[in-house]
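Colleague: Provided below for reference: sequence and predicted model.
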Amino acid sequence: MATTSLLPKSLSPFLTKTPSFSSTHFTKLSFLNPQDHPHCSKRPNLHTTHAKKRNPWLDPFDDGEDPDMEYGSLFVDGKQDEDERLPENPDNPYGFLKFPTGYSVEVASLALKVRGDVRRCCCVVSGGVYENLLFFPVVQLLKDRYPGVLVDIVASARGKQAYELNKNVRWADVYDPDEHFPEPADYTDMVGLLKGRYYDMVLSTKLAGIGHATFLYMTTARDRVSYIYPNVNAAGAGLFLSETFTPNSTNLSDGGYNMYYQMVDWLARPSKTVPQQPVPPLKVSISKKLKQVVESKYKKAGVTRGKYIVIHGLESDSKASMQSKGDADSLLPIQVWDAIASGLREFRPLFVIPHEKERENVEEVIGDDTSIVFITTPGQLAALINDSAGVIATNTAAIQLANARDKPCIALFGSQEKGKLFVPNAEQKNCVIVSSKTGRLKDIDIEAVKNAIPLFNMSLALV
């Protein structure tokens, strides 16, 4: 009896007193304060994006870092140090003494906690070849900001092909994050694979709802960073993520070249004695073996190094066209390309086809002696562009690869706004943008394209 009589008294403080939450915890909720989400295409102020946004759903009593907290000098200031691999003894019979790179057994956990070091990072990249190419500066930014970090990629089968051009990526695994209903076996296998690698940070460019956020949460990474839907589909995703970014639309590729600017600003933010990290440009690396394979291809097509112009963007239903999801109108019929190629005098046009079925159409319109090469991967396309005198292309991966290899380029767009969005600072990149005045790419002014062809002669003279 005595025990039962004490129950109401012991529970009464919890039942009669309601917790007094500060109003600031609720005014900062994402669905109550729309000012927290940018809805304009203008690049936000860097000083506002550097402030850490707290997620009130994770801990309503968290008031942020204590300004009076003193950590001392150990693992607080500056960037992380790249771990040196311990020397291996070939006569050592005990394999467990061979610690892998990225481990400092005594103090690794302390540095990871206090300074926020990132030794392993996984990037889940949505989209195809174009979107993964534009993610290259983010990978380089990770390597610069966190020295010694191991970067892994999870992308679709087409997107994975882009990473043969990136020497900063350790592993690239095939798993399509855009698949709405993945196979249960593939889903659980990928969760187990990522969990077993013990990542410190997981970045995702897929717009996350509660489903994708749960997938990232099950990787058990310390930092789970992702884009979320700009609408009601994002409900509940913040519970499982440590940092979220809200894009302007449901199609992240509409942002053009700077489509990942919110994630870039967050990664490059200054902290303590580390200044603002500069954002590197898009660069690609081409292996010798890849160059040899492509050289045999274009020689077989009847052209020589430095004496041809790459023509890319032929109208086709092939997935190897390497278009951007932010620009559906980015391919031209072969009749238009024939008119454009007729303006080339000093160089020979080399038509890139994404499928062998297009070869017959090109030969029928232009002629049997046309130089045609069959290219389906971004690595071979980059090697082809690297040995060329320049590129004439629509809004495909060929434009970004030409800029990455510092090749002169004539970029064809359906509108001037699209051109500025996907190729900013075109003059500095030795790129001429020719846009259609009607808003449709097939109505592009062919004479304007021909007038820009002397760009290749000027570049040849400078060489």
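Modeller: Yep, it's here. Everything numeric here is computed off the predicted structure, so don't read it as measured data.

Colleague: can you pull out the strands in the protein?
Modeller: 120-124, 150-155, 169-174, 201-208, 223-228, 243-245, 308-312, 348-353, 371-374, 390-394, 409-413, 431-435 (DSSP state E).

Colleague: average pLDDT for the first one?
Modeller: Model confidence over strand 120-124, given as mean pLDDT, is 96.

Colleague: circling back to that earlier point, now the strands of the chain in TSV, with mean neighbour count and distance to E131?
Modeller: Any C-beta I mention is one placed from the backbone N, CA and C, and that applies to glycine too. Below are those laid out as TSV (neighbours: other C-beta atoms under 10 Å; distance: least, C-beta to C-beta, whole Å):
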stretch	mean neighbour count	distance to E131
strand 120-124	23	12
strand 150-155	24	9
strand 169-174	16	14
strand 201-208	25	7
strand 223-228	22	12
strand 243-245	21	15
strand 308-312	26	17
strand 348-353	23	20
strand 371-374	19	24
strand 390-394	27	17
strand 409-413	26	18
strand 431-435	21	20
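
Colleague: would you list those in JSON lines and tack on distance to P137?
Modeller: Formatted as JSON lines, these follow (distance: least, C-beta to C-beta, whole Å):
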{"stretch": "strand 120-124", "distance to P137": "12"}
{"stretch": "strand 150-155", "distance to P137": "13"}
{"stretch": "strand 169-174", "distance to P137": "13"}
{"stretch": "strand 201-208", "distance to P137": "13"}
{"stretch": "strand 223-228", "distance to P137": "16"}
{"stretch": "strand 243-245", "distance to P137": "16"}
{"stretch": "strand 308-312", "distance to P137": "22"}
{"stretch": "strand 348-353", "distance to P137": "25"}
{"stretch": "strand 371-374", "distance to P137": "28"}
{"stretch": "strand 390-394", "distance to P137": "20"}
{"stretch": "strand 409-413", "distance to P137": "18"}
{"stretch": "strand 431-435", "distance to P137": "17"}
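
Colleague: which one of those lies nearest to F136?
Modeller: Closest approach to F136 among these is made by strand 169-174 (9.3 Å; C-beta to C-beta).

Colleague: point out where the stretch 1-150 of the chain drops to low pLDDT.
Modeller: Residues of the stretch 1-150 of the chain meeting the criterion pLDDT under 70: 1-60, 62, 64, 69-77, 83-90, 92-113.

Colleague: can we see that at 50?
Modeller: For the stretch 1-150 of the chain, residues meeting the criterion pLDDT under 50 lie at 1-50.

Colleague: of the strands of the chain, which is nearest K297?
Modeller: For those, proximity to K297 was assessed by C-beta to C-beta; strand 371-374 is nearest, at 5.3 Å.

Colleague: quick one on the thing from earlier: which one of the strands of the chain lies nearest to L194?
Modeller: Closest to L194 of the strands of the chain is strand 120-124 (C-beta to C-beta; 6.0 Å).

Colleague: tell me the helices and strands packed up against the closest one.
Modeller: On a contact count with 3 or more C-beta pairs under 8 Å, 6 or more residues apart in numbering; DSSP states H and E, strand 120-124 meets helix 136-145, strand 150-155, strand 201-208.

Colleague: and the angle for that strand with helix 136-145?
Modeller: 170 degrees (axes from the mean of the first three to the mean of the last three C-alpha atoms, to 10 degrees).

Colleague: chain center to strand 120-124, what's the gap?
Modeller: 11 Å (C-alpha atoms, centre = their mean, to the nearest Å).

Colleague: neighbouring strands - and their directions - for it?
Modeller: Partners of strand 120-124 in the sheet, by DSSP bridges, are strand 150-155 (parallel), strand 201-208 (parallel).

Colleague: for these, give me a markdown table that also has distance to P184.
Modeller: Formatted as a markdown table, these follow (distance: least, C-beta to C-beta, whole Å):
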| stretch | distance to P184 |
| --- | --- |
| strand 150-155 | 17 |
| strand 201-208 | 19 |
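
Colleague: the ones you listed: which one's closest to L381?
Modeller: The closest of those to L381 is strand 150-155. By C-beta to C-beta, the value is 17.3 Å.

Colleague: give me the angle between that closest one and strand 169-174.
Modeller: On the basis of the same axes, to 10 degrees, strand 150-155 is oriented at 20 degrees to strand 169-174.

Colleague: what does strand 150-155 contact?
Modeller: With contact meaning C-beta atoms under 8 Å, 6 or more residues apart in numbering, strand 150-155 is reached by 101-102, 119-125, 132, 139, 142-143, 160, 162-163, 168-175, 177, 190, 194, 197, 199.

Colleague: sorry, back to before: closest to P281 out of the strands of the chain?
Modeller: Closest of those to P281 is strand 431-435, at 13.1 Å (criterion: C-beta to C-beta).

Colleague: now that closest one and strand 390-394, what's the angle there?
Modeller: Going by the same axes, to 10 degrees, strand 431-435 makes 30 degrees with strand 390-394.

Colleague: convert strand 431-435 to CSV, retaining C-alpha atoms only.
Modeller: The C-alpha coordinates for strand 431-435 follow below in CSV (Å, rounded to 0.1, in the frame of the first residue of the first chain):
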residue,chain,number,x,y,z
CYS,A,431,34.5,29.5,-74.7
VAL,A,432,32.0,31.2,-77.0
ILE,A,433,28.3,30.8,-76.2
VAL,A,434,25.9,30.9,-79.1
SER,A,435,22.2,30.9,-78.0
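
Colleague: for the nearest residue to R222 once chain neighbours are set aside, what are its contacts?
Modeller: Counting by C-beta to C-beta, 6 or more residues apart in numbering, D200 is the residue found nearest to R222 once chain neighbours are left out, at 5.2 Å. By C-beta under 8 Å, 6+ apart, D200 lies in contact with 112, 117-121, 221-223.

Colleague: change it to 6 Å
Modeller: By C-beta atoms under 6 Å, 6 or more residues apart in numbering, the residues touching D200 are 118-120, 222.

Colleague: which among these end up buried?
Modeller: 118-120 (16 or more other C-beta atoms under 10 Å).

Colleague: just put those residues in a markdown table and tack on distance to E243.
Modeller: Listed next are the buried ones among the contacts of D200 as a markdown table, based on distance: C-beta to C-beta, whole Å:
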| residue | distance to E243 |
| --- | --- |
| V118 | 13 |
| R119 | 18 |
| R120 | 17 |
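
Colleague: closest to F422 among those?
Modeller: Checking the buried ones among the contacts of D200 one by one against F422 (C-beta to C-beta), the nearest turns out to be V118, at 30.0 Å.

Colleague: not counting residues beside it along the chain, what's closest to A393?
Modeller: A393 sits nearest to H312 (C-beta to C-beta, 6+ apart), 4.0 Å away.

Colleague: out of the strands of the chain, flag the one nearest S296.
Modeller: Proximity to S296 (C-beta to C-beta) singles out strand 371-374 among the strands of the chain, at 10.5 Å.
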